[in-house]
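A.B. asks: What shape does this take:
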Amino acid sequence: MIQKPPSSTSNTTNNTTRTDSELKELKQSELRQRELKLRKKGGRIKDKERIIEETQTEKIWFHTYINKLEQRVKELERSNEILRKHSNLLNIPEPTNQTVNKDSSQAPSQNQNEQTNTSNIQLHGNIQDRVSNFILRQIDYQLVKLEDSFIKSSQ
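C.D. replies: Numbers count the residues shown, from 1 in each chain. Here you go, the predicted model:
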């Protein structure tokens, strides 16, 4: 049997020790890398949860705001209906005496009634147009705000 010199035996032990320590360092390095990856994933998950929570909060706010706008639209429609009824009441011709002979004083009165009716109809149409335009402008404005907020939140 050939025996190795004592120095070569110690080299082998040193090599195994180095290999063991290198393996431990590699394992620790891998563990650190995995830990960093997990921390990054945890951070991303927290960011996503925060974004979801903000989106839910915005969604609730928008639903509330939409309900308020719908209530305002209904209120304006009721006001419009009241104005329309009031306008119709003003347009009802007054009962006149049915006389066979109409004198000249009644002709200007009828002409004035027709002019009043025409102007009332025009006023009524103008009021309807203004209310409709106001409502549509408000809805457009809110839609633009919604679109801007969604664009900002998606970036």
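
A.B. asks: Can you check the pLDDT for residue 39?
C.D. replies: Reading off the confidence values, residue 39 has pLDDT 95.

A.B. asks: Could you number the chain from 483 rather than 1 from now on?
C.D. replies: Will do, 483 is the new start, and the previous item becomes residue 521.

A.B. asks: which SSE is it in?
C.D. replies: According to DSSP states H and E, residue 521 maps onto helix 488-573.

A.B. asks: starting at the chain centroid, how far to that helix?
C.D. replies: Centre-to-centre, helix 488-573 and its host chain are 19 Å apart (C-alpha atoms, centre = their mean, to the nearest Å).

A.B. asks: For the residue nearest to residue 537 when sequence neighbours are not counted, which residues are in contact?
C.D. replies: Counting by C-beta to C-beta, 6 or more residues apart in numbering, residue 635 is the residue found nearest to residue 537 once chain neighbours are left out, at 6.8 Å. Backbone N, C-alpha and C define where each C-beta goes, glycine included. When contacts are counted by C-beta atoms under 8 Å, 6 or more residues apart in numbering, residue 635 touches 533, 536, 537, 540.

A.B. asks: how about JSON lines for those residues, with pLDDT and neighbour count added?
C.D. replies: Listed next are the contacts of residue 635 as JSON lines, based on pLDDT from 0 to 100; neighbours: other C-beta atoms under 10 Å:
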{"residue": "533", "pLDDT": "92", "neighbour count": "12"}
{"residue": "536", "pLDDT": "91", "neighbour count": "11"}
{"residue": "537", "pLDDT": "90", "neighbour count": "13"}
{"residue": "540", "pLDDT": "89", "neighbour count": "14"}
